[in-house]
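Peer 1: Can you look at this prediction? I've put the sequence above it.
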Amino acid sequence: MKGTIKKELKRRSVVEPIIGHLKSDHALGRNFLKGIDGDKINALLAGIGYNFRLLTSVAAIFCPKIWQWLSALLSKNSDCVFHAVTIA
């Protein structure tokens, strides 16, 4: 095989488990958007959601104050208004 084909196959073997994870755990089962542009939009939004989940999990571990603020902001029962966050 040529070098470029090997690179493509290696990249594909890295990406496929992530796509499978998105499909099974994060509701990427079916694309309801039409055409090639719909496929691109769906993949882009799924990637954004995946990265956002990673960022929020890192924030929860390393920045508990920020995580508390985000949780309050995103909770449905919260009367949260944008307040300045002070990190001590």
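Peer 2: Looks like it arrived, so ask away. Bear in mind the structure is a predicted one, so any value in this text is a computation, not a measurement. Residues are numbered from 1 along each chain as shown.
Peer 1: burial of the closest residue in space to residue 56 that isn't next to it in sequence, as a residue count?
Peer 2: Nearest residue to residue 56, sequence neighbours excluded (CB to CB, 6 or more residues apart in numbering): residue 70, at 6.8 Å. C-beta coordinates here come from the backbone N, C-alpha and C atoms, glycine included. Residue 70: 17 surrounding residues under other CB atoms under 10 Å.
Peer 1: isn't residue 70 right up against residue 57?
Peer 2: No: contact criterion CB atoms under 8 Å: residue 70 and residue 57 do not qualify, at 11.4 Å.
Peer 1: Looking at this protein, which helix is longest?
Peer 2: helix 35-62 (DSSP state H).
Peer 1: Now do that helix, average pLDDT.
Peer 2: When pLDDT is averaged over helix 35-62, the result is 82.
Peer 1: helices or strands up against the helix or strand that comes right after that helix?
Peer 2: Past helix 35-62, further along toward the C-terminus, the next helix or strand under DSSP states H and E is helix 64-74. Here helix 64-74 is seen to pack against helix 35-62 when contacts are counted using 3 or more CB pairs under 8 Å, 6 or more residues apart in numbering; DSSP states H and E.
Peer 1: The helix it packs on vs helix 64-74, what angle?
Peer 2: Relative orientation of helix 35-62 versus helix 64-74 (axes from the mean of the first three to the mean of the last three CA atoms, to 10 degrees): 130 degrees.
Peer 1: Whichever strand or helix holds residue 6: how far from the chain's middle?
Peer 2: Residue 6 belongs to helix 3-25 when elements are defined using DSSP H and E. Counting by CA atoms, centre = their mean, to the nearest Å, helix 3-25 is centred 16 Å from the centre of its parent chain.
Peer 1: Stretch 59-75 too?
Peer 2: On the basis of CA atoms, centre = their mean, stretch 59-75 sits 17 Å off its chain's mean C-alpha point.
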